[in-house]
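Asks: okay, sequence plus prediction incoming.
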Amino acid sequence: MSTIQQVQATGRRKSSVARVYLRPATGSEGQILVNGTPGDAYFDRPTLMMVIRQPLQLTEHLNSFDIICNVNGGGKSGQAGAVRHGISRALERFNPDLRPPLKKSGFLNRDSRVKERKKYGQKGARGRFQFSKR
């Protein structure tokens, strides 16, 4: 009886949260499932899939894992960033020796940049209404 080893991690970006599960690949190459759909179908822009694959390419584990992600909140770009963060954290849990290259590339840092709030009496976060002297 074989036990399937699974690693779970959480990634965040903007207002998106991704729960990522890493399992050893069942076939010859690993697959990425996001909210039950293939990654290429869910993230329709090729750049978003490139963002997700970055930590796997860096650590040379591109076809080693099946990745299952549950993502909610935010837009597609923020969700892709959250998935990347979650994959990086899961890879670190799977093998602590992968921490230095992931850390050097900045994949383990949560990108904390969020939209600045609009202020009262103004047009936007920093934009002002046009000033008229007369």
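Replies: Good, I have the coordinates. Note that this is a predicted model, so its numbers are computed, not measured.

Asks: quick check: buried residues in the longest helix anywhere in the chain?
Replies: When the chain is scanned for its longest helix (criterion: DSSP state H), the result is helix 76-94. Neighbour-count burial for helix 76-94, counted by 16 or more other Cβ atoms under 10 Å, picks out 77-92, 94. For every residue, glycine as well, the C-beta is placed using N, CA and C.

Asks: for Gly39, give me phi and psi.
Replies: Phi and psi for Gly39, reported as degrees, to the nearest 10, are phi -60, psi -40.

Asks: can you give me the pLDDT of it?
Replies: Gly39 carries a pLDDT score of 93 in this model.

Asks: name the nearest residue to it, sequence neighbours excluded.
Replies: The shortest distance from Gly39 to any non-neighbouring residue, by Cβ to Cβ, 6 or more residues apart in numbering, is to Ile32 (3.5 Å).

Asks: can you pull the contacts of that neighbour?
Replies: Taking Cβ atoms under 8 Å, 6 or more residues apart in numbering as the definition of contact, the neighbours of Ile32 are Pro38, Gly39, Asp40, Met49, Ile52, Asp66, Ile67, Cys69.

Asks: and Gln5, by the same measure?
Replies: Taking Cβ under 8 Å, 6+ apart as the contact definition, Gln5 lies against Arg23, Pro24.

Asks: quick one: secondary structure of it?
Replies: Per DSSP: H, G, I helix; E, B strand; the rest coil, the secondary structure class of Gln5 is coil.
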